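J.: Sequence and predicted model, in that order:
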Amino acid sequence: MRTQKTVTSSILFAAIMGMLASCGGRDKKDKAAADSTKPVVVAPAGPGTPMKLDSTKRYIYLTFDDGPQPPGTNMCKAVFHEQGVKATFFLVGMHQFDHRRKLIVDSLHNSYPEFLTANHSYSHGFKNNYRNFYTHADSAVKDFLRAGEELKIPVKIIRLPGNNNWVHKGEIRGPKIPLAVCKKLDSLGYDVIGWDVEWGFKGNSTPIQSAEKMAQEVNTKFENYTSYTPNTVVILAHDRMFASAQYADSLRRFITILKQDPRNVFETIDHYPMVQQK
């Protein structure tokens, strides 16, 4: 027969165990609630990942050729980062010839989605000997493939040296001289990107247009629907043009003017409409 003392002890033990279970349950609930308030970290998509474009926006693709070319490449990067805009650097394989320039290329690779690297050949068209370069189509294609491998280009996007051609899935537009090269690159699954507006230079690197003039040219392309793809403008410039503080400031003003229109969005060339058509 159980004594009153035994019964009381049993009741007390059960009560204590219930309290512990209840506290444990609350701890789990509290931990779950705390975990639910933590921000969800989403890894950025890699180069070439498609994105949905907004039909109410105007897309601007800043593309800069011939890098790495310090100090111009570094100055362009600094301006773009300061202004909070994206850009694409079409690199030349033979320009990555020392440790310092390799570090610049690595920095660009590691900066996606802010910056994208793309292919502008290894030899820059046999060192600007364009007719010879495009006449020998097999050698030219090998030149591009070498650049892609040595520069570790993450996307199959090319800009031809010296020629404004566009290539995607059998559709080829632009000058006829590189036609054989365009066909071979197309068969290998490459997209070739030209440009709508060029920021020209005189001598070796001095910009011709002012920031205001360049912004006007971009707006005219949008308003007149004369770009290669409506609602998009691809801008061509060269890294070395903005090596000095004076011309870097011109680049800064150009971007500042374009940012005043809320419709304008700066994107990397892997998000150009044609490229995203799989």
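T.: Received the coordinates, thanks.
J.: so where do the helices sit in the stretch 51-200 of the chain?
T.: 72-83, 99-109, 124-128, 130-135, 137-151, 179-187 (DSSP state H, counting those that start in this stretch).
J.: Which positions in the fourth one come out as buried?
T.: Buried residues in helix 130-135, counted by 16 or more other Cβ atoms under 10 Å: Tyr130, Phe133, Tyr134. Bear in mind the C-beta positions are built from the backbone N, C-alpha and C, glycine included.
J.: what does the fifth one give?
T.: Judged by neighbour count using 16+ other Cβ under 10 Å, the buried positions of helix 137-151 are Ala137, Ala140, Val141, Asp143, Phe144, Leu145, Arg146, Ala147, Gly148, Leu151.
J.: tell me, which strand in the chain spans the most residues?
T.: Longest strand in the chain by number of residues (criterion: DSSP state E): strand 58-67.
J.: residue contacts, Asp143?
T.: Ser121, Tyr122, Ser123, Phe126, Phe133 (Cβ atoms under 8 Å, 6 or more residues apart in numbering).
J.: so can I have JSON lines of the residues you listed showing distance to Asn164 and pLDDT?
T.: What follows is the contacts of Asp143, written out as JSON lines (distance: Cβ to Cβ, whole Å; pLDDT from 0 to 100):
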{"residue": "Ser121", "distance to Asn164": "15", "pLDDT": "98"}
{"residue": "Tyr122", "distance to Asn164": "20", "pLDDT": "98"}
{"residue": "Ser123", "distance to Asn164": "19", "pLDDT": "98"}
{"residue": "Phe126", "distance to Asn164": "19", "pLDDT": "97"}
{"residue": "Phe133", "distance to Asn164": "15", "pLDDT": "98"}
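J.: From these, pick the one nearest Ala180.
T.: For these, the minimum distance to Ala180 (Cβ to Cβ) is 11.2 Å, reached by Phe133.
J.: Quick one: residues contacting that closest one.
T.: Applying Cβ under 8 Å, 6+ apart, the residues near Phe133 are Ser123, Gly125, Phe126, Ser139, Ala140, Asp143, Pro161.
J.: The spatially closest residue to the fifth one that is not a sequence neighbour and Asp138: what is the separation?
T.: Which is Ala140. Of all residues not flanking Ala140 in the chain, Val181 sits nearest, at 4.8 Å (Cβ to Cβ, 6 or more residues apart in numbering). Going from Val181 to Asp138 by Cβ to Cβ, to the nearest Å gives 9 Å.
J.: This completes my enquiry, with thanks.
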